[in-house]
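In: Let's see this in three dimensions:
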Amino acid sequence: MLTTDQKGNIAEAAIVATAFKLGIDVYRPVGEGGRYDMIFEVEEHLIRVQCKWAPRHGDVVVLRCYSCRRNRDGLVRRKYMAGEIDALAAYCPDTDSCYYLPFDLFSGRSQVLLRPDLARTTRAWVSTGRRTTNSPLQLAPAGP
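Out: I've put the predicted structure just below:
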């Protein structure tokens, strides 16, 4: 059984490898404890990215849009706020895929449900609770 730290390390490594394969430059913070794990440079824009391990439950990949820390009162969950991060990137070991969500797709939500089996291209489905849309979520090159 993997620890949460091991899962996070695996997710970050998979996301970095995928980004490099796509020609995206990746930068890492010097210290730990910030709200984002890495920075992507895409067409001269810097994007603060928080990385996540995304488990699969049936045909749904669950992306949790919060951090969880232990303190003396127990576990404290904290949603990501505008200005802290620009996007989430997630690795799902069951699909062996990385997914990318810009902040506006998960703002104010505690989780996003991805339905990658509904689309057989480099696109994935996202259920936000209010609507289901076909959005370019998979961190993969565009094309057929």
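In: Low-confidence regions, this protein specifically.
Out: Scanning the chain for pLDDT under 70 picks out the ranges 117-144.
In: Run through the strands of it in chain order.
Out: Assigned by DSSP state E, the chain shows strands spanning 25-27, 38-42, 45-53, 56-57, 60-64, 66-71, 74-79, 87-92, 97-102, 111-115, 124-127, 132-135.
In: Present the ones you listed as CSV; the columns should include distance to Lys7 and mean neighbour count.
Out: Every C-beta, even on glycine, is put in place using the N, C-alpha and C of the backbone. Shown next, in CSV, are the strands of the chain (distance: least, Cβ to Cβ, whole Å; neighbours: other Cβ atoms under 10 Å):
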stretch, distance to Lys7, mean neighbour count
strand 25-27, 19, 13
strand 38-42, 16, 16
strand 45-53, 4, 19
strand 56-57, 13, 12
strand 60-64, 12, 20
strand 66-71, 12, 10
strand 74-79, 16, 10
strand 87-92, 9, 24
strand 97-102, 14, 22
strand 111-115, 16, 19
strand 124-127, 21, 20
strand 132-135, 25, 14
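In: What's opposite the residue most central in space within the chain in the beta bridge?
Out: Centroid-nearest residue in the chain: Ala89, 2.4 Å away (criterion: Cα atoms, centre = their mean). Beta-bridge partners recorded for Ala89 (DSSP bridges): Cys51, Tyr100.
In: One more: Tyr66?
Out: With DSSP bridges as the rule, Tyr66 is bridged to Lys79.
In: cool, Leu113 as well?
Out: In beta-bridge terms (that is, DSSP bridges), Leu113 pairs with Val62, Ser127.
In: For Lys52, give me its contacts.
Out: 11, 63-64, 88-91 (Cβ atoms under 8 Å, 6 or more residues apart in numbering).
In: Out of the residues you listed, flag the one nearest to Tyr27.
Out: Ala89 (13.7 Å; Cβ to Cβ).
In: I figured the closest one hits Trp53, correct?
Out: No. Using Cβ atoms under 8 Å, Ala89 is not in contact with Trp53; the gap is 10.9 Å.
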